[in-house]
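Q: only the shape, not the letters, is given here:
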């Protein structure tokens, strides 16, 4: 069984469509979405509908800070651009779509896997896991062997060995990486809808449960179409530039 | 950390342990059986000291990551593996026979045996490199020979897979490897150069042919550093019957700078199998180790040296340095075609700067009659063809050590070409095809036979009717798409 792990879709329907098509071509049998379905992008409602459809077919889905803000309003941590986009998004969503976002859990676990939007430690504080050091609390507060999170928009892989040392490691894109049984792993899956690691390609990951291998994948999508929609909706231009530059 | 200890009769995941076959520094090897697996198997169990035994554990984790990904006759097949919760282990097929250590203890060996053993070792190492693995701990004890002759590399505890995270690099700050065979760049903690394995191969050929290790047996790490400036005694000074070309091969493999060594195991193997084509340099003629002044100068240059430039990736290195085989038809009617063929080879050399070119020409022999070896004027046909081939190749403007010319004979030219390509681990064949005709379509041309049978990429050059178009055909398994042949 292969599980596609998507996070930070951010209302980018073109990127979501391209990633779902790629995952299907890779014979994925199950989906996990790690939150931030809305915010920044021009298609909040269609993205929520597609995710809700996946959830009705058994996908795992957790809540992100933008999903929370679309329902409850943005808190002080939102930048001006993020705030403008989420206020706009809240107006596009129907009550049913807001209800779907409101009922999402903060974390979900399945066998030896934990799915969460940001750090597993005090999930509601939305702490960024940007280094091995920042990953330590996540390993401490749960017992699952594999932790998957998003929020950072830059893919990363961190492991904890038998002696309890936590390290971040380099990995190749597109090549399966064996998640050694003797270690615990935390994967920060990059963003589908707004990558920030210098590449505009949509980012997601596939976990192969049979071989215990994780593959980070990058998928091209029609960036120009999304940028066009952002401009038509008169959302901040910096959001469009971010999609073009990938940072 | 490891609640269960291995002992005869222990049952784990369906495997039953038999007798202990070997106790090594870091692991024990046991004979095992399993009701579902009928082949002879062994189980390797790391010996983990109490507390946290980092090097052993990480080395074992590396083996568990790399070994299941390897295939082919040159690696042991993995049957099963277990985690650290109960007892870590890897079960593989049991290779009949013993390691090469016993053979090396009887060095020096007859030269014919040395050459055979090394061609087989280089073949095994090339097979690993093609699967993106650098072994990094090649030594006689880590080679086993199958009853069918193929060498098998074992013990991947220090290895590096080009597509996997390097758990060892982040774990240790001291260089790892076996001191007599470790390459200079490994001493400098570089773990990403496949040419390190070629250095170890060179150190082993040296040992098997002379009976001495090129750098002695350093016991302390500091002594390993000496090989950055101290050159080994030339093999011919120890055993004069060693031919110059063999000394050339050995000393080239032992070059301090990886860029001066063979660039792939296939290129090393190519020289071992084609000794007459080895170009002799100072290395081959050298009679004694360098004098004190030269060594001092090198020491001054190298003492603060921190690293060699390494290839961007293994596949980049392998692609830079392929073996190209060019089949040339020298008949006067085919001059235009052979010119076009040469142009195509030149273009490929632009994108593959370290490529070796093996030019071949075939003398077709008849199946039943005894062939004349001289023509009507009494000229030796073989020699005449070789002269012609060298003349054709001269315009490629390649240094001698990157160009070889050979005249082959056989009744079935297609089969001869395919066999020669396989034996020399050729990566890409270029050849011309004569024009179109119905006879060829039904009986099959030489080029179509080669395209169908060769295990590498094949480019067929053809002159179109009335114009000078070229046509290319590509066959998997191509490592990389070849640049399209432009129309001039």
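A: It's in. Keep in mind that what you see is a predicted model, and the values were worked out from it rather than measured.
Q: could you use CA atoms for every contact and neighbour count after this?
A: Fine.
Q: for chain A, what's its nearest residue on chain B.
A: Residue nearest to chain A within chain B: residue B:165 (5.5 Å; Cα to the nearest Cα).
Q: now for that residue, how many residues are close by?
A: 18 (other Cα atoms under 10 Å in any protein chain shown).
Q: who does the helix or strand that contains residue B:30 pair up with?
A: Element membership for residue B:30 (DSSP states H and E) is strand B:27-34. Sheet pairing for strand B:27-34, assigned by DSSP bridges, gives strand B:15-23 (antiparallel), strand B:37-46 (antiparallel).
Q: which residue packs closest to residue A:190, ignoring adjacent ones?
A: residue A:155 (4.1 Å; Cα to Cα, 6 or more residues apart in numbering or on different chains).
Q: hang on, the earlier thing: which residues are in contact with the strand holding residue B:30?
A: Strand B:27-34 is touched from outside by B:14-23, B:40-47, with contacts defined as Cα atoms under 8 Å, 6 or more residues apart in numbering or on different chains.
Q: again, 7 Å this time
A: B:14-23, B:41-47 (Cα atoms under 7 Å, 6 or more residues apart in numbering or on different chains).
Q: any of those residues buried? List them.
A: B:15-18, B:20, B:41-47 (16 or more other Cα atoms under 10 Å in any protein chain shown).
Q: tabulate the strands paired with strand B:27-34 (CSV), appending mean pLDDT and distance to residue A:86.
A: Listed next are these as CSV, based on pLDDT from 0 to 100; distance: least, Cα to Cα, whole Å:
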stretch, mean pLDDT, distance to residue A:86
strand B:15-23, 92, 58
strand B:37-46, 93, 55
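Q: which of these sits closest to residue A:188?
A: strand B:37-46 (32.0 Å; Cα to Cα).
Q: for chain B, what is the nearest residue in chain A?
A: For chain A, Cα to the nearest Cα, closest residue to chain B: residue A:171, 5.5 Å.
Q: got the contact list for that residue?
A: B:164-165.
Q: over to the one 5 residues further on?
A: Counting by Cα under 7 Å, 6+ apart, residue A:176 makes contact with A:213-215.
Q: among those residues, who's most crowded?
A: Ranked by neighbours (other Cα under 10 Å), those are led by residue A:214, which has 23 neighbours.
Q: so which strand or helix has that one?
A: strand A:213-219.
Q: tell me how many other residues crowd residue B:97.
A: 10.
Q: near chain B, which residues of chain A?
A: A:163, A:169-172, A:175, A:177-178, A:181-182 (Cα under 7 Å from any Cα of the partner chain).
Q: averaging pLDDT per element, find the lowest-scoring helix or strand in chain B.
A: Least confident helix or strand, chain B: helix B:438-443 with a mean of 62, by mean pLDDT, DSSP states H and E.
Q: check which element follows that helix along the chain.
A: In N-to-C order, the element after helix B:438-443 by DSSP H and E is helix B:446-453.
Q: against which helices or strands is that next one packed?
A: helix B:413-423 (3 or more Cα pairs under 7 Å, 6 or more residues apart in numbering or on different chains; DSSP states H and E).
Q: now do the helices in chain A.
A: A:13-25, A:44-56, A:65-72, A:80-92, A:95-102, A:132-141, A:223-232, A:237-245 (DSSP state H).
Q: of those helices, flag the one that's most buried.
A: The highest average neighbour count among those, using mean count of other Cα atoms under 10 Å in any protein chain shown, belongs to helix A:65-72 at a mean of 22.
Q: just for the chain, where's the confidence low?
A: Since no chain was named, I'll use chain A. Nowhere does chain A drop to pLDDT under 70.
Q: my question was about chain B
A: In chain B, residues with pLDDT under 70: B:1-2, B:50-52, B:172-175, B:367-378, B:436-444, B:465-488.
Q: how about 50 then?
A: Along chain B, the model assigns pLDDT under 50 to residues B:467-488.
Q: contact partners for the residue nearest in space to the middle of it?
A: What sits nearest the mean C-alpha location of chain B, by Cα atoms, centre = their mean, is residue B:265, with 2.4 Å. Listed by Cα under 7 Å, 6+ apart, the contact set of residue B:265 reads B:122, B:125-126, B:198.
Q: please report phi then psi for it.
A: Dihedral angles of residue B:265 (phi, psi; degrees, to the nearest 10) stand at phi -60, psi -30.
Q: how near is the residue of chain A most remote from its centre to residue A:154?
A: Seen from the C-alpha centroid of chain A, the residue lying at the greatest distance (Cα atoms, centre = their mean) is residue A:163, 29.7 Å away. Distance, residue A:163 to residue A:154, using Cα to Cα, to the nearest Å: 27 Å.
Q: confirm for me that the residue nearest to residue A:190 is in contact with residue A:188.
A: Yes. Residue A:155 is within contact range of residue A:188, at 5.2 Å (criterion: Cα atoms under 7 Å).
Q: compare those two (neighbour count), which wins?
A: Counted by other Cα under 10 Å, residue A:155 and residue A:188 do not tie: residue A:188 has more neighbours, with 28 against 24.
Q: and the strand holding residue A:214, what does it pack onto?
A: By 3+ Cα pairs under 7 Å, 6+ apart, strand A:213-219 packs against strand A:177-178, strand A:202-208.
Q: in a helix, residue B:92, correct?
A: No. Residue B:92 sits outside any helix when classified using DSSP: H, G, I helix; E, B strand; the rest coil, being strand.
Q: show me what it bridges to in the sheet.
A: In this entry, residue B:92 is beta-bridged to residue B:42, residue B:78, by DSSP bridges.
Q: count of neighbours near the closest residue to residue B:142 other than its chain neighbours?
A: Of all residues not flanking residue B:142 in the chain, residue B:154 sits nearest, at 5.1 Å (Cα to Cα, 6+ apart). A count of nearby residues for residue B:154, using other Cα under 10 Å, gives 21.
Q: for residue B:154, give me its contacts.
A: With Cα under 7 Å, 6+ apart, residue B:154 has these contacts: B:75, B:142-143.
Q: which one of those has the most neighbours?
A: Highest count within those by other Cα under 10 Å belongs to residue B:75, 26 neighbours.
Q: looks like that residue contacts residue B:152 (just checking).
A: Yes. Using Cα under 7 Å, residue B:75 is in contact with residue B:152, at 5.1 Å.
Q: angle of the helix of greatest length in chain B against helix B:413-423?
A: Longest among the helix segments of chain B by residue count, using DSSP H, is helix B:111-130. Angle, helix B:111-130 to helix B:413-423, by axes from the mean of the first three to the mean of the last three Cα atoms, to 10 degrees: 90 degrees.
Q: in helix B:111-130, what's buried?
A: B:111, B:114-115, B:117-130.
Q: so what does it touch, helix or strand wise?
A: strand B:151-153, helix B:195-210, helix B:265-273.
Q: out of the ones you listed, flag the one nearest residue A:42.
A: helix B:195-210 (51.8 Å).
Q: quick check: which helices or strands does that closest one pack against?
A: By 3+ Cα pairs under 7 Å, 6+ apart, helix B:195-210 packs against helix B:111-130, helix B:235-238, helix B:244-253.
Q: try 6 Å
A: Here helix B:195-210 touches helix B:244-253, going by 3 or more Cα pairs under 6 Å, 6 or more residues apart in numbering or on different chains; DSSP states H and E.
Q: where does chain B come near chain A, residue by residue?
A: Selection of chain B residues close to chain A by Cα under 6 Å from any Cα of the partner chain yields residue B:165.
Q: is the closest residue to residue B:190 other than its chain neighbours in a helix, a strand, or coil?
A: Nearest residue to residue B:190 in three dimensions, chain neighbours excluded: residue B:307, at 7.4 Å (Cα to Cα, 6+ apart). Secondary structure for residue B:307, judged by three-state DSSP, is coil.
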